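Trainee: generate a structure from the sequence data that follows.
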Amino acid sequence: MLRETAATAAPAVWEDYAETHALSGRALRVLARATPAQPRPLLRVRAPRLTPRERPLVSVVIPCYNYAGYLPDAVGSAVAQQAVDVEVIIVDDVSTDDSVHVARRLAATHPNVRVLVRPENGGHVRAFNAGCEVASGDYVVKLDADDLLAAGALARATALFEAHPRVGLVYGHPRHFAGAHPPATRLHEVGWTIWSGRDWLAERCRLGVSAITNPEMVLRSAVLAEVGPMNPALPYAPDMEIAMRVAAVSDVGWVGGADQALHREHDASMSANDGSGTLVDLVARAGAFASVFERVGARIPQAASLRDRARRALAEDALRFASAAVDRGHPRAEYAALLDFAADVWPPSSEWARFRRIQRGARAARPAALARRAARRIRQRLYYARWVVSGA
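Mentor: Sure thing, here's the model as predicted:
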């Protein structure tokens, strides 16, 4: 049964989108409502508790590789969390800079910070899993060393967990920023949305994309233990994959009206280097969906249908990008690789008329190309507006 008090995301968290696209908060709400139906919430609550009744222990695991300069900010954002007890576990992945020295200095300053040094470099997913093995918190957060938790984020998330024991994952709005100085947390009228995890997962399959970036996600430790650790074979989409696995066995909660994390954009980040690029992103998402259905598919009703839906959505995404490449006169190799991906992930796509048009390299007449470009831009804005407003 849906119980609702007309909760909506607060204007404060619309600023990034509205400013970028020269829109008012009202226009953004209109855009969000214009998108196809999202999962129907089990519950929406406006102005819930902002702090838990008890003081839960939250384990914040910080994988670190050559991020000595960012590490103090990340740790500082964790130890400053109020209304919860926090244990910070820094896992150094054989850094070649001063990261271990900085980590040990932070541990000497803060009694709730500990340091693990891995014997060999294995990537951030293995580093996180190593931290989880020694974590003792009721909840766990993967915080990359260049990101930060927003002020009050863990109190808001654990209050939702406490009120709804069936929820295994809580996330919220991640504010992206660049530069040396993190912005202040924006906080307006906080609201909660609770979805059936399987409905939330079905929407991820329908769209073929994640609703999670990373640092804004808090997991219930018991559910993480139930579904197993992050998959190290997915270095570019482990957060997406673990979120969907958790959603397969538990409900999902969203904290609206506040920044829950601060995601730093910089030239040395994985997302700006190895993890960047359209094809890399598509392959990573395909791997995440495949892993979910391999690991917990037996627990998902109509798993085969959902998996096919995800594969088709990925093929459609690939063809949108390929069509854009053709219309803009990009090299054939660029869109040919996208066609290969589409045909591999969803073989029936190779019979679609648009696949064959792209395969021929047939550029549309300028009016048609401009119309397609406008349609792609509108679709992107609609779904992004919906995500900003509702989290889904």
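Trainee: buried set for stretch 75-83?
Mentor: Of all the residues in stretch 75-83, those buried under the rule 16 or more other C-beta atoms under 10 Å are 75, 76, 77, 78, 79, 81, 83. Where you see a C-beta, it was placed from the backbone N, CA and C, and this is true even at glycine.
Trainee: just give me the neighbour total for the residue nearest to the fifth one when sequence neighbours are not counted.
Mentor: Nearest-residue entry for residue 79: residue 110, 5.1 Å, with adjacent residues in sequence omitted and distances by C-beta to C-beta, 6 or more residues apart in numbering. Summarising burial for residue 110: neighbours were counted as other C-beta atoms under 10 Å, giving 15.
Trainee: now do residue 303
Mentor: Residues near residue 303, counting by other C-beta under 10 Å: 17.
Trainee: hang on, it packs against residue 292?
Mentor: No - using C-beta atoms under 8 Å, residue 303 is not in contact with residue 292; the gap is 9.2 Å.
Trainee: now tell me what touches stretch 312-326 from outside.
Mentor: 205-209, 278, 282, 285-286, 289, 334-335, 338-339, 341-343, 345-346, 348-349, 352, 354-355, 357-358, 361-363, 372-373, 376 (C-beta atoms under 8 Å, 6 or more residues apart in numbering).
Trainee: now the element after the host helix or strand of residue 103, going C-ward?
Mentor: Per DSSP states H and E, residue 103 falls inside helix 99-109. From helix 99-109 onward toward the C-terminus, using DSSP H and E, the following helix or strand is strand 113-117.
Trainee: now do that following strand against helix 99-109, angle only.
Mentor: Calculated by axes from the mean of the first three to the mean of the last three C-alpha atoms, to 10 degrees, strand 113-117 forms an angle of 150 degrees with helix 99-109.
Trainee: use 56 as the first number for this chain going forward.
Mentor: Yes, from this point I'll number from 56; that puts the last item at strand 168-172.
Trainee: what is the helix or strand just after strand 168-172 packed up against?
Mentor: Once the chain leaves strand 168-172, the next helix or strand it forms, by DSSP H and E, is helix 179-189. For helix 179-189, the packing partners by 3 or more C-beta pairs under 8 Å, 6 or more residues apart in numbering; DSSP states H and E come out as strand 112-119, strand 140-147, strand 168-172, helix 293-302.
Trainee: redo that, cut-off 10 Å
Mentor: With contacts taken as 3 or more C-beta pairs under 10 Å, 6 or more residues apart in numbering; DSSP states H and E, helix 179-189 sits against strand 112-119, strand 140-147, strand 168-172, strand 194-197, helix 276-282, helix 293-302.
Trainee: direction included, what does the fourth one pair against?
Mentor: Strand pairing for strand 194-197, determined by DSSP bridges: strand 112-119 (parallel), strand 273-275 (antiparallel).
Trainee: which one of those lies closest to residue 145?
Mentor: With C-beta to C-beta as the criterion, residue 145 lies closest to strand 112-119 of the strands paired with strand 194-197, at 4.9 Å.
Trainee: residue 127 is in what secondary structure piece?
Mentor: Assigned by DSSP H and E, residue 127 falls in helix 126-134.
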